[in-house]
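# following is a predicted model, sequence given first.
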Amino acid sequence: MLAGTADIVLERTERVHDGRLCKGSTVSIGCISNPRWREIVAEVGGPVAMTSANTAGETDDRLVAVEYTREQVGDGVEYILDDEPQGTTTASTILDMTGEPDILRKGDITATTLNDIAGLGL
């Protein structure tokens, strides 16, 4: 398991319902290391739609408190997972795989780690 979280941006396929897209033609697949999150996904038994815990670009360098998340997303979500950080210190690493691999946001998972496990040439 990776030490941290990553979001992988991919081109949307026909399997992604229009109602799951806010804009554009890409989707982000969350690779979440938090054990509680992994338990929830296992219980559901399939994909789980989620949003970021904050408005894009506002807190890229750190994890956010649940109170801040409530202010940001408010009633726009059904559930907020309130749990302690699990080995992460910053926001997730965002990796764009829609063309040449590119790190859009640096997080705990480094380019070196991604290169070591996937040979991406970052």
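Sure thing, it's come through.
# in this protein, which spans are helices?
Secondary structure of the chain by DSSP state H: the helices cover 35-44, 66-73, 111-118.
# for the least confident helix or strand in the chain by mean pLDDT, list the C-alpha coordinates in PDB.
Using mean pLDDT, DSSP states H and E, the weakest-scoring helix or strand in the chain turns out to be helix 66-73, at a mean of 71. The C-alpha coordinates for helix 66-73 follow below in PDB (Å, rounded to 0.1, in the frame of the first residue of the first chain):
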ATOM      1  CA  VAL A  66     -13.400  18.400   9.300                       C
ATOM      2  CA  GLU A  67     -14.900  21.800  10.400                       C
ATOM      3  CA  TYR A  68     -13.300  23.400   7.300                       C
ATOM      4  CA  THR A  69     -14.600  20.600   5.100                       C
ATOM      5  CA  ARG A  70     -18.200  21.200   6.400                       C
ATOM      6  CA  GLU A  71     -17.800  24.900   5.600                       C
ATOM      7  CA  GLN A  72     -16.600  24.100   2.100                       C
ATOM      8  CA  VAL A  73     -19.000  21.400   1.000                       C
END
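# circling back: Met97: which of the helices of the chain is closest?
helix 111-118 (9.8 Å; Cβ to Cβ). The way it works is simple: take the backbone N, C-alpha and C, and place the C-beta from them, glycine included.
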